[in-house]
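> Quick one, structure for this:
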Amino acid sequence: MRVALLAFRLVCLAWLWPVSSHYPNKRRHKEQYGENTKQKHGGRVDLKMKKLDSTKSLLIKSEQLLRIEDHDFAMRPGFGGSAIPVGIDVQVESIDSISEVNMDFTMTLYLRHYWQDDRLAFPSSSNKSRTFDARLVKKIWVPDVFFVHSKRSFIHDTTMENIMLRVFPDGNILYSVRITVTALCSMDFSSFPLDTQNCSLELESYAYNENDLMLYWKNGNDSLRTDEIVLSQFFVEDFQPSFGLAFYSSTGWYNRLYINFLLRRHIFFFMLQTYFPTMLMVMLSWVSFWIDRRAVPARVSLGITTVLTMSTIITGVSASMPQVSYVKAVDIYLWASFLFVFLSVIEYAAVNYFTTVEEMKKLKRAKIPNTFDATEAMAFDGCFHDNDIDMTSFTEVASTPNTERNSQSRNSTVSGPAEGTRLRRKNPVKQHFSFIMSNSYMIDSYSRVIFPMAYLLFNIIYWSLYA
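Next up is the predicted model:
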């Protein structure tokens with residue numbers, strides 16, 4: 001049994017011996033081929049045979065391809081030489097909001113930078129670029145562009161940070177970010193809501209002045225592109241890029257780029273919310289001119305209602321506007337309309353007063369007997385009216401010597417002036433005013449024409465100036 005087991009082991013060993021001896025020959029053949037190849041190409045590996053194109057090979061890491069560890073990317077390209085040119089182009093995706101109260105706007109845009117950094121050049125037979133995300137951006141030098149007068153800004157990060165870095169074999173770089181920024185816009189509300197606002201978004205390098213970095217628009221006026229932008233309260237009339245210089249006393253001059261856009265406000269919203277209700281309140285106040293002057297509760301309640309409604313409209317408009325120190329166009333219209341409503345209330349106060357004075361004078365001209373009940377001759381509004389008094393019960397006053405003497409003196413004065421006396425002519429304005437006071441109902445008649453004509457004239461002047 002032991003002999004049979006030993007024989008079986010020898011057979012297995014003899015069968016495995018050729019296989020183990022074949023692999024060393026193969027390995028030796030590879031070594032000889034590699035040495036021949038190195039000698040043929042002067043000690044270098046044939047790049048074409050191994051297909052080591054730097055844009056295709058997965059064996060070379062991005063850091064090794066761009067030789068990031070070999071350079072100090074804390075310094076700008078070409079440090080110590082002339083300023084590095086950085087081209088900018090912008091595509092505005094949307095204007096999210098415009099706030100009159102905070103005097104700012106919120107914009108979402110694609111900001112693209114173009115520059116050349118020879119330190120990132122790499123060999124490539126196909127001359128194709130390589131694209132990276134935000135992880136590589138933190139390891140190289142990028143322009144430190146910021147937004148002047150910005151209040152808040154952030155780079156979108158859903159689902160990854162919206163950053164793209166594209167490196168070309170010759171060292172040219174495209175760096176693109178998607179940003180939402182809220183920036184200041186100095187607005188002038190003197191013509192509000194018939195106004196146009198000129199806002200701008202300003203870009204500038206934070207650390208590098210014009211001696212180190214030169215910002216410019218990559219394609220001139222074509223560097224600013226916009227999608228179709230629709231706003232609720234504004235028409236976007238114009239987008240225009242421009243450039244300039246900004247001076248800081250401690251650090252010098254900096255290149256600054258401007259994204260200018262012109263906004264014209266929609267007037268229809270304010271016509272519905274402010275102007276039309278105001279016009280209706282003013283015209284409603286004129287209804288009191290056609291109500292009987294003795295109907296005190298009706299006319300007073302109508303006047304107070306229109307005044308309070310105008311106050312509510314003015315308060316609502318002021319709450320939605322910044323507290324500026326100058327007068328706005330809408331303020332002029334609202335307060336002028338409020339003045340018309342207020343004058344209609346004052347007009348009835350004058351009518352009521354003159355009516356009362358007129359009726360009291362009529363009552364004083366006649367001696368009222370002691371048996372006369374004054375409550376019977378008083379209207380429900382608390383005023384005496386001559387039509388309510390029964391004048392037949394009044395007895396005629398007997399003539400006395402005194403009365404005859406008074407009548408003679410009156411006749412002597414009426415007969416004509418004595419010779420050598422000068423006649424004094426009465427003032428026609430005063431005479432006309434006295435006539436109106438004695439006929440107070442004419443005030444309402446005049447007001448029915450004067451108030452609408454004056455308000456129409458005011459509207460013509462207002463809309464011709466501001467529209």
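
> quick one: the helices in this protein?
In the chain, the helices defined using DSSP state H lie at 2-40, 47-50, 62-65, 134-137, 268-270, 276-285, 296-319, 329-365, 401-415, 428-438, 441-466.

> worst average pLDDT in those?
Ranked by mean pLDDT, those bottom out at helix 47-50, with a mean of 43.

> how about the nearest residue to Phe154, chain neighbours excluded?
Thr180 (6.0 Å; Cβ to Cβ, 6 or more residues apart in numbering). All C-beta atoms are positioned from the backbone trio N, CA, C, and that covers glycine.

> any idea how far Leu201 is from that neighbour?
Distance, Thr180 to Leu201, using Cβ to Cβ, to the nearest Å: 12 Å.

> re the thing from before, could you report the pLDDT at the residue nearest to Phe154?
For Thr180, the predicted pLDDT is 97.

> The one 5 residues further on too?
In the predicted model, Cys185 carries a pLDDT score of 95.

> what's the nearest residue to Ile332 if we skip its chain neighbours?
Tyr462 (7.1 Å).

> on that earlier part again, what sits in contact with each of Thr180 and Leu201?
Both Thr180 and Leu201 are in contact with Met107, where contact means Cβ atoms under 8 Å, 6 or more residues apart in numbering.

> Who has more neighbours out of the two?
Neighbours were counted for Thr180 and for Leu201 using other Cβ atoms under 10 Å; Leu201 has more, 22 against 16.

> Could you give the bridge partners of that one?
Counting by DSSP bridges, Leu201 is bridged to Ile259.

> what's it in contact with, if anything?
Leu201 makes contacts with Met107, Leu109, Phe147, Val181, Ala183, Tyr258, Ile259, as judged by Cβ under 8 Å, 6+ apart.

> Please convert these to a markdown table, extending it with distance to Ser242 and neighbour count.
Converted to a markdown table, the contacts of Leu201 look like this (distance: Cβ to Cβ, whole Å; neighbours: other Cβ atoms under 10 Å):
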| residue | distance to Ser242 | neighbour count |
| --- | --- | --- |
| Met107 | 17 | 24 |
| Leu109 | 16 | 22 |
| Phe147 | 16 | 21 |
| Val181 | 18 | 20 |
| Ala183 | 16 | 20 |
| Tyr258 | 4 | 17 |
| Ile259 | 8 | 23 |
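
> Strands - which of the residues you listed land there?
Met107, Leu109, Phe147, Val181, Ala183, Tyr258, Ile259 (DSSP state E).

> Contact partners for the closest residue to the second one other than its chain neighbours?
Yep, that's Leu109 we're talking about. Nearest residue to Leu109, sequence neighbours excluded (Cβ to Cβ, 6+ apart): Val92, at 4.9 Å. Residues near Val92 by Cβ under 8 Å, 6+ apart: Met107, Thr108, Leu109, Leu224, Arg225, Thr226, Asp227, Ile229, Phe239, Ile259.

> of the residues you listed, buried ones?
Met107, Leu109, Leu224, Thr226, Phe239, Ile259 (16 or more other Cβ atoms under 10 Å).

> Tabulate those (CSV), appending distance to Ala83.
CSV is the format used below for those (distance: Cβ to Cβ, whole Å):
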residue, distance to Ala83
Met107, 28
Leu109, 25
Leu224, 23
Thr226, 29
Phe239, 28
Ile259, 22
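
> what's the farthest-apart pair in those?
Pairwise distances across these peak at 12.1 Å for Met107 and Leu224 (criterion: Cβ to Cβ).

> what sits against Met214?
Contacts of Met214 by Cβ under 8 Å, 6+ apart are Ala83, Ile84, Pro85, Val86, Asn255.

> ok, so of the residues you listed, who is nearest Ile68?
Here the nearest of those to Ile68, counting by Cβ to Cβ, is Ile84; it sits at 18.5 Å.
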